[in-house]
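Engineer: let's see this in three dimensions:
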Amino acid sequence: MRRAALQVRNAADRPRTVVIVLHGGAADGRGRAHRGRPAYLRMMPFLRKPPADTAIWILRYRYRGWNGGAADPVRDLEWALDEAARRHPGVPVILVGHSMGGRTALWGAGAPQVVAVCALAPWIEAGDPVDQLAGRTVLIAHGDRDRITDPHASRRYADAAGRAGANVTYHEVVGDGHGMLRRAGHWHELVRAFVTAQLPRSPAPA
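Structural biologist: You can find the predicted model right below:
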């Protein structure tokens with residue numbers, strides 16, 4: 001039986017936060033989601049220079065497709081969240097996903113240890129759930145030149161998530177498309193700033 005895989009890029013011994021990075025994929029496909037695909041490689045720059053005391057994981061799905069009602073990457077994220085709870089009990093989790101990974105992050109945000117979600121150019125469909133985002137901090141960022149996933153759908157979803165009780169921000173990246181390449185530095189700094197802002201504050205000295 002094929003299994004999902006976790007690549008740990010920053011193995012903090014006692015992390016204050018776990019960040020799970022979710023790459024893109026395809027609507028359908030049972031082929032292996034291997035590390036040589038552009039969708040996987042595109043997320044590598046987001047793992048550089050992590051904040052201190054933060055464990056960074058990238059999840060590699062069993063399959064490269066969402067596959068309709070199976071929602072395969074969501075099942076893989078559930079497994080990864082169970083691993084986070086087992087390895088680092090009580091430690092909050094931040095989800096960062098692009099495209100299909102953004103959709104996966106939004107769908108999987110209802111797990112109790114998830115505190116925040118950063119969805120980059122997410123794939124959104126009508127009827128996608130929002131209630132699981134209540135109480136979470138959510139950033140949805142989308143390039144206004146994206147022709148693969150719909151920035152208008154992202155904005156509508158952000159509005160719906162806000163009505164459902166999420167602390168949500170929609171950020172338009174002017175002049176960039178789905179690959180997040182024209183303004184790569186902006187995307188990378190946006191994610192780093194978002195993750196840093198969610199980190200729990202160190203307790204005050206006695």
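Engineer: quick check: bridge partners of Leu95?
Structural biologist: Ile20, Val117 (DSSP bridges).
Engineer: could you check how far it is from Arg32?
Structural biologist: From Leu95 across to Arg32, the span is 22 Å (C-beta to C-beta, to the nearest Å). Every C-beta, even on glycine, is put in place using the N, C-alpha and C of the backbone.
Engineer: in this protein, where is pLDDT below threshold?
Structural biologist: In the predicted model of the chain, residues 1-2, 10-11, 33-36, 202-206 satisfy pLDDT under 70.
Engineer: picking up where we left off before, neighbour-wise, which of Leu95 and Arg32 wins?
Structural biologist: Of the pair Leu95 and Arg32, Leu95 is the one with more neighbours under other C-beta atoms under 10 Å, namely 30 against 13.
Engineer: neighbours of Gly29, how many?
Structural biologist: Neighbours around Gly29, by other C-beta under 10 Å: 14.
Engineer: try Ile58
Structural biologist: Counted with other C-beta under 10 Å, Ile58 comes out at 23.
Engineer: and Gly110, by the same measure?
Structural biologist: Residues lying near Gly110 (other C-beta under 10 Å) number 15.
Engineer: which residues are in contact with it?
Structural biologist: Residues near Gly110 by C-beta atoms under 8 Å, 6 or more residues apart in numbering: Asp131, Gln132, Leu133.
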